[in-house]
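In: Here is my input, please return the structure:
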Amino acid sequence: MFDTLERSLNGVFRRLRARGKLHPKQVDAALDDIRTALLDADVALEVVDDFLSRVRKRATSDEVMRSLTPAQQVIKVVRDELVVTLGGEHRPFRLPGANPLVIMMAGVQGSGKTTACAKLALHLKEKGKQPLLVAADLQRPAAVEQLFTLGGEIGVPVVSDGKDAVKVAKNAVKSATREGRNVVIVDTAGRLHVDPDMMKEARRVRDAIHPHHVLMACDSMTGQDAVIQAREFMREVDVTGFILTKLDGDARGGAALSITNVTARPIFFAGVGEKPSDLEPFHPDRMASRILGMGDVLTLIEKAEKELDQDKAQEAAEKMAASQFTLEDFLGQMREVRKLGPLQDLLAMLPGVPGAKQQLKDLQVDDRELIRAEAMICSMTPDERRNPAIINGPRRLRIARGSGTTTHEVNALLKQFAQARKMMKSMMGLAGMGGRGGRMRLPKLPPGLGYPGA
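Out: Model (predicted):
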């Protein structure tokens with residue numbers, strides 16, 4: 001996400017770091033470059049001007065100019081003000097005590113609105129709620145079928161009783177009360193923000209069901225046009241917050257950096273993939289760090305806690321410590337890692353490596369390598385997985401044929417496993433040393449950019 005913007009800003013920061021003391025004219029030149037980068041990312045002009053005005057005021061202050069590391073302080077100022085532009089503090093999606101709680105989803109055509117409904121339903125289901133999905137988008141026949149399919153996939157019931165969107169929504173709220181469903185998520189018709197008839201229907205649905213939340217699905221690839229859309233929906237249906245969709249695509253950053261600043265309404269969630277589980281709470285500070293190439297270790301930790309089997313991880317750690325880690329364990333760990341998503345996305349979340357995403361692209365990290373490695377290990381006998389030392393020439397040939405690979409690739413896998421086991425043993429030895437109780441240290445960040453809560 002935001003690849004182009006990240007590369008542009010990192011280029012500005014590299015030039016700043018190359019200097020010792022800074023002159024206000026040099027700061028102004030850097031801010032001009034940042035302005036160009038933001039406009040190229042299709043951020044709304046009014047947002048860019050407000051952002052740079054705040055940055056310039058702080059970056060040219062005596063406190064920054066006379067510091068020992070002025071370039072790092074300027075970067076810190078940019079990050080701080082970027083957080084403010086994205087919404088400031090994290091605003092969790094709070095649910096009133098109503099029963100049922102009614103959520104109306106709005107948005108323009110093609111914004112990922114229907115998929116966002118299913119993602120939100122799964123998110124609330126995992127929080128212990130009993131959601132009901134309502135297919136009230138009757139303008140696009142495929143939308144009703146799509147929501148029924150998604151509902152079946154996540155185990156959430158879907159209703160669409162009636163031929164008028166208002167009646168469908170009202171009947172669904174009554175049905176939820178009868179069936180003990182405490183959250184109703186209504187998918188309304190996708191519309192163009194200039195279409196008065198469709199906006200009138202959205203108002204009619206809102207007035208009929210009195211939703212506690214009106215969420216707008218906003219396509220992160222739309223740029224500053226999102227501001228026009230958001231303002232129109234704010235005027236017509238009083239949006240309470242946003243779900244930013246398609247962040248896994250080639251998002252330029254304009255929508256994310258514009259809508260909250262202009263509407264004063266928070267972004268509650270970000271869609272980061274196509275699967276129903278690919279929905280993350282939106283944290284302005286973490287998103288700012290991603291945009292600036294500073295990683296997002298907290299989201300990585302939360303993703304790991306959610307997706308990974310903690311018992312398996314503990315068992316693997318114990319085997320590493322006892323030097324009993326086998327290819328079977330290696331296979332299990334690879335399958336666990338694949339649950340977290342593409343390797344490049346995971347590695348780009350690691351902090352302390354400005355421009356990491358581009359560097360990882362140059363390395364051509366390929367998730368298909370994991371698939372090939374899994375095929376090779378699955379082609380081994382249980383004895384071979386537990387004791388790779390017995391794998392001789394004929395066995396390597398058999399494994400290669402069974403997995404559709406070559407003996408060269410089998411040799412490479414065995415060599416990589418031996419190196420990984422050696423490295424793991426060394427790391428476990430360091431972790432067991434007495435200093436600081438064996439705690440691992442996080443990578444060091446630039447001065448003034450500490451970890452949250454540190």
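In: Could you chop this structure up by domain?
Out: Domain assignment for the chain by automatic domain parsing gives 3-85, 101-292, 301-438.
In: what mean pLDDT would you report for the second one?
Out: Rounded to a whole number, the mean pLDDT of domain 101-292 is 88.
In: Spatially nearest residue to residue 159 (excluding sequence neighbours)?
Out: Using CB to CB, 6 or more residues apart in numbering and skipping the chain neighbours, the partner closest in space to residue 159 is residue 172 (5.0 Å). Backbone N, C-alpha and C define where each C-beta goes, glycine included.
In: isn't that neighbour right next to residue 134, touching?
Out: Yes. At 4.0 Å, residue 172 counts as touching residue 134 under the criterion of CB atoms under 8 Å.
In: higher neighbour count, the two?
Out: Between residue 172 and residue 134, counted using other CB atoms under 10 Å, the more crowded position is residue 134 (33 against 27).
In: Backbone dihedrals for the more buried one, please?
Out: phi -120, psi 120 (degrees, to the nearest 10).
In: residue contacts, it?
Out: Counting by CB atoms under 8 Å, 6 or more residues apart in numbering, residue 134 touches 158, 159, 160, 168, 169, 172, 184, 185, 186, 187.
In: now the last one: how far from residue 131?
Out: Taking CB to CB, to the nearest Å as the measure, residue 187 and residue 131 are separated by 12 Å.
In: Same drill for those two, tell me which one is more crowded.
Out: Set side by side, residue 187 and residue 131 show more neighbours around residue 187, with 33 against 27, by other CB under 10 Å.
In: Bridging across strands, which residues link to the more buried one?
Out: Residue 187 has these beta-bridge partners by DSSP bridges: residue 105, residue 135.
In: Return the distance of it relative to residue 44.
Out: 28 Å.
In: How confident is the prediction for the residue of the chain positioned farthest from its centre, by pLDDT?
Out: Within the chain, residue 394 marks the point farthest from the mean C-alpha position, 45.7 Å out by CA atoms, centre = their mean. Looking at residue 394, its pLDDT is 93.
In: quick one: which helix or strand includes it?
Out: helix 393-403 (DSSP states H and E).
In: Same check on residue 228?
Out: Going by DSSP H and E, residue 228 is in helix 225-237.
In: Residue 280 too?
Out: In the assignment (DSSP H and E), residue 280 maps to strand 279-281.
In: For that strand, name the packing helices and strands.
Out: Secondary-structure packing of strand 279-281 (3 or more CB pairs under 8 Å, 6 or more residues apart in numbering; DSSP states H and E): helix 113-126, strand 267-271.
In: Show me what it pairs with in its sheet, parallel or antiparallel.
Out: In the sheet, strand 279-281 lines up with strand 267-271 (antiparallel) (DSSP bridges).
In: chain center to the strand it pairs with: distance?
Out: Chain-centre distance of strand 267-271: 9 Å, with CA atoms, centre = their mean, to the nearest Å.
In: who are the neighbours in contact with the residue nearest in space to the middle of the chain?
Out: By CA atoms, centre = their mean, the chain has its centre lying nearest to residue 272, at 4.4 Å. Contact analysis of residue 272 by CB under 8 Å, 6+ apart lists 1, 247, 248, 278, 279, 280.
In: From these, pick the one nearest residue 23.
Out: Relative to residue 23, the closest of the contacts of residue 272 is residue 1; by CB to CB it sits at 34.1 Å.
In: Check the domains of the chain for me and report the most buried one.
Out: Highest mean neighbour count of those: domain 101-292, a mean of 20 (counted as mean count of other CB atoms under 10 Å).
In: And that domain, end to end?
Out: 38 Å (CA to CA, to the nearest Å).
In: follow-up on the earlier one: who touches the strand holding residue 280?
Out: Against strand 279-281 from outside (CB under 8 Å, 6+ apart): 90, 92-93, 116, 119-120, 122-123, 243, 268-272, 299.
In: Now do whichever helix or strand comes after it against strand 267-271, angle only.
Out: Downstream of strand 279-281, the next assigned helix or strand under DSSP H and E is helix 284-291. Angle of helix 284-291 versus strand 267-271, following axes from the mean of the first three to the mean of the last three CA atoms, to 10 degrees, is 40 degrees.
In: In the stretch 151-300 of the chain, mark out all the strands, start to finish.
Out: Ranges of strands within the stretch 151-300 of the chain are 158-159, 183-187, 213-219, 241-245, 267-271, 279-281, based on DSSP state E, counting those that start in this stretch.
In: before we move on, back to that, roughly how far apart are the residue farthest from the centre of the chain and residue 421?
Out: Following CB to CB, the distance that separates residue 394 from residue 421 is 24 Å.
In: re earlier: check the offset of the strand holding residue 280 from the chain's centre.
Out: Worked out by CA atoms, centre = their mean, strand 279-281 lies 7 Å from the chain centre.
In: How about stretch 105-118?
Out: The answer for stretch 105-118 is 17 Å, by CA atoms, centre = their mean.
In: before we move on, what about stretch 218-226?
Out: For stretch 218-226, the distance to the chain centre is 17 Å (CA atoms, centre = their mean).
In: May I have it as CSV, with CA atoms only?
Out: Extracted in CSV, the C-alpha atoms of stretch 218-226 (Å, rounded to 0.1, in the frame of the first residue of the first chain):
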residue,chain,number,x,y,z
CYS,A,218,-14.4,4.3,0.7
ASP,A,219,-12.1,3.0,-2.1
SER,A,220,-8.6,3.9,-1.1
MET,A,221,-7.6,4.1,-4.8
THR,A,222,-10.0,6.9,-5.6
GLY,A,223,-7.7,9.7,-4.3
GLN,A,224,-9.1,13.1,-3.5
ASP,A,225,-12.4,12.3,-5.3
ALA,A,226,-13.1,10.5,-2.0
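In: Show me what residue 241 bridges to in the sheet.
Out: Beta-bridge partners, per DSSP bridges, of residue 241: residue 215.
In: Next up, the contacts around it.
Out: Per CB under 8 Å, 6+ apart, neighbours of residue 241: 91, 93, 213, 215, 216, 265, 266, 267, 268.
In: redo that, cut-off 7 Å
Out: 213, 215, 265, 266, 267, 268 (CB atoms under 7 Å, 6 or more residues apart in numbering).
In: does residue 130 really touch residue 182, like I thought?
Out: Yes. Using CB atoms under 7 Å, residue 130 makes contact with residue 182 at a distance of 5.3 Å.
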